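no FASTA, just this:
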């Protein structure tokens, strides 16, 4: 087992530890993001995309990288159902090597019949869609529970653990201060905070400069980086002449501004004989963070896996960071 915050190379077989009440959970060093699995925001088409998703699932599992992150809001449950269908086609033994993380959208829990379930009820709904009795990681999707305190949410997460509905719990889009407050609140319940999922990439280094990553590492809270390729902008696929589709709001920098960074990434990718995207993902690993790239077909999943088995030099890291972006905060992204 290992911590990502080391100087050694991260291999496909490397396992990272998520802290849990009943023991630590060993997970692969890369997560497959499944927002695009069933969500109209990504123009999902079942007949077109489902075969590629099945190929992705089979490839990642065969590599020992079967770690999937979903959420109840992705496709309004469609992503969880797609994962559930994949799990249903596996033997009980095969399922043991698959790690599933999902997230609760903390909409205001009002005293009406439309919001009667609370965190435990919402997790049970996710479990039904996934077709499992327990997930490996259950996360609060964002610090937008304005009418509910962190301490109250912590009690709900702890109850999910107590009932055996999840092995570990985490947060997403939490600031350093709110994460520490959740960490302390969960500790009072006897439950560790396992992770904080935040947008982090060469286009958004804010979690470094604001001390969030340092606070995570100091507490053995594993940072997970979503949109590690700035929603496709750092894959090498797009350019000023061929910008990404509209609506990809995270790290929404004009491609003209990113060309100096992409030039460095292309040069390193050619030298290393890896895809451009693998350069950006490896940089995230070098920072002690698990990257969470999406994949809708086996080719994308294979490209993402190329970030493992080698390590950027300090000189390469410095050159990339010379052209990186700070990023910003928002109502949704507090971390």
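Structure's in. What do you need? Every value quoted in this text rests on a predicted model; they were computed, and no experiment measured them.

distance from the chain centre to stretch 28-47, please.
Its chain's average C-alpha position is 12 Å from that of stretch 28-47, according to CA atoms, centre = their mean, to the nearest Å.

and it, what's buried?
Buried positions in stretch 28-47, judged by neighbour count with 16 or more other CB atoms under 10 Å: 28-39, 42, 44. (C-beta placed from N, C-alpha, C; glycine too.)

lowest-confidence one in those?
In terms of pLDDT, the lowest of these is residue 42, showing 77.

gap between that residue and residue 253?
Separation of residue 42 from residue 253 (CB to CB, to the nearest Å): 20 Å.

now residue 283
Relative to residue 253, and taking CB to CB, residue 283 is found at 17 Å.

neighbour count winner among the two?
residue 283 (25 against 14; other CB atoms under 10 Å).

isn't there a helix covering the more buried one?
Yes - Residue 283 sits within a helix when classified using DSSP: H, G, I helix; E, B strand; the rest coil.

hmm, it is touching residue 311, no?
No - using CB atoms under 8 Å, residue 283 is not in contact with residue 311; the gap is 9.9 Å.

who touches both of these two?
Counting by CB atoms under 8 Å, 6 or more residues apart in numbering, residue 283 and residue 311 have no common neighbour.

before we move on, the earlier item: need the buried residues of stretch 28-47 in a markdown table with secondary structure and distance to residue 60, can you?
Shown next, in a markdown table, are the buried residues of stretch 28-47 (DSSP: H, G, I helix; E, B strand; the rest coil; distance: CB to CB, whole Å):
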| residue | secondary structure | distance to residue 60 |
| --- | --- | --- |
| 28 | coil | 9 |
| 29 | coil | 12 |
| 30 | coil | 9 |
| 31 | coil | 10 |
| 32 | strand | 6 |
| 33 | strand | 12 |
| 34 | coil | 11 |
| 35 | coil | 16 |
| 36 | coil | 15 |
| 37 | coil | 13 |
| 38 | coil | 17 |
| 39 | coil | 19 |
| 42 | helix | 18 |
| 44 | coil | 19 |
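
from those, which two are the most distant?
Distances among the buried residues of stretch 28-47 were taken as CB to CB; the most separated pair is 29 and 44, at 27.3 Å.

tell me the phi and psi of residue 202?
Backbone dihedrals for residue 202, given as degrees, to the nearest 10, come out at phi -70, psi -10.

what's the neighbour count on the nearest residue to it once chain neighbours are set aside?
Nearest non-adjacent residue to residue 202, counting by CB to CB, 6 or more residues apart in numbering: residue 324, 4.5 Å away. Using other CB under 10 Å, residue 324 is surrounded by 19 other residues.

hmm, residue 324 is touching residue 260, no?
No - at 9.9 Å, residue 324 and residue 260 do not qualify as touching, with contact defined as CB under 8 Å.

can you pull the contacts of residue 129?
Neighbouring residues of residue 129 by CB under 8 Å, 6+ apart: 72, 77, 80, 81, 84.

of those residues, buried ones?
Buried by 16+ other CB under 10 Å: 72, 77, 80, 81, 84, out of the contacts of residue 129.

dump those residues to a markdown table, plus secondary structure and pLDDT.
Converted to a markdown table, the buried ones among the contacts of residue 129 look like this (DSSP: H, G, I helix; E, B strand; the rest coil; pLDDT from 0 to 100):
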| residue | secondary structure | pLDDT |
| --- | --- | --- |
| 72 | coil | 96 |
| 77 | helix | 95 |
| 80 | helix | 98 |
| 81 | helix | 98 |
| 84 | helix | 98 |
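
next one: phi and psi at residue 269?
Dihedral angles of residue 269 (phi, psi; degrees, to the nearest 10) stand at phi -60, psi -40.

point out where the protein drops to low pLDDT.
Residue ranges of the chain with pLDDT under 70: 1-7, 108-116, 238-241, 245-248, 250-251.

which stretches of it form helices?
46-62, 78-88, 92-95, 118-130, 150-162, 176-188, 206-209, 212-218, 255-272, 276-286, 298-305, 314-321 (DSSP state H).

out of those, which gets nearest to residue 106?
The nearest among the helices of the chain, by CB to CB, is helix 150-162 at 6.9 Å.

tell me which residues in the closest one are buried?
150, 153, 154, 155, 156, 157, 158, 159, 160, 161.

swap in stretch 215-223?
Using 16+ other CB under 10 Å as the test for burial, stretch 215-223 gives 215, 216, 217, 219, 221, 222, 223.
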